[in-house]
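Engineer: A structural model of the following input is requested.
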Amino acid sequence: MTQENNSFRHQRAMVIDDSRIDRFVADRIIKRSFFAEEVLLMESAISALEYLQSLENGEDLPEVIFLDIRMPVMDGFGFLESYNSLPERVKRNCIIAMISSSADVNDHLRARSSQYVSCFMEKPLDKEKLDQYFVETAANS
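Structural biologist: Coordinates of the predicted model:
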């Protein structure tokens, strides 16, 4: 499970998910796949927004945010609404991938219609999905 030269595709990724197990799995897959060197684990959309708002500069911004749809208090779509009011430097530097185990077609369509969501991934994350994401993102750059 090694990538050539052990180089990471991204410096930092954030996983926003209320499920402790899903956060654990995502963390392991992201690191073992050399997708991101550091993984910020957030158990709620609110804590993730607070973290993003607290950053004085862009150095600690995650390059990729994996955002769960179904969460209590504030779901993924609520996060996206609040994300819109964050500084441009945040929105310009973060790529959002919606993740969900939801089979609801409306969730998929709604996620894909957001200007901030670059892709939709079904849970659980795995190396193949990350590789596919990376190839699609690189091709669209």
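
Engineer: for the chain, which segments are assigned as helices?
Structural biologist: Counting by DSSP state H, the chain has these helices, from start to end: 20-32, 45-54, 76-83, 88-93, 105-113, 127-140.

Engineer: can you list the low-confidence ranges for this structure?
Structural biologist: 1-6, 134-141 (pLDDT under 70).

Engineer: pick out the residue closest to the middle of it.
Structural biologist: For the chain, Phe66 is the residue whose C-alpha lies nearest the centre (C-alpha atoms, centre = their mean; 1.7 Å).

Engineer: how close does that one get to Asn93?
Structural biologist: According to C-beta to C-beta, to the nearest Å, Phe66 and Asn93 sit 16 Å apart. Any C-beta I mention is one placed from the backbone N, CA and C, and that applies to glycine too.

Engineer: give the contact list for Phe65.
Structural biologist: Just to correct that, residue 65 is Ile rather than Phe. Neighbour list for Ile65: Ala13, Met14, Val15, Ile16, Ala48, Cys94, Ile95, Ile96, Ala97 [criterion: C-beta atoms under 8 Å, 6 or more residues apart in numbering].

Engineer: Val73 now?
Structural biologist: Ser44, Ala45, Ile46.

Engineer: picking that back up, show me the contacts of Ile65 that map onto strands.
Structural biologist: Among the contacts of Ile65, DSSP state E puts Ala13, Met14, Val15, Ile16, Ile95, Ile96, Ala97 in strands.
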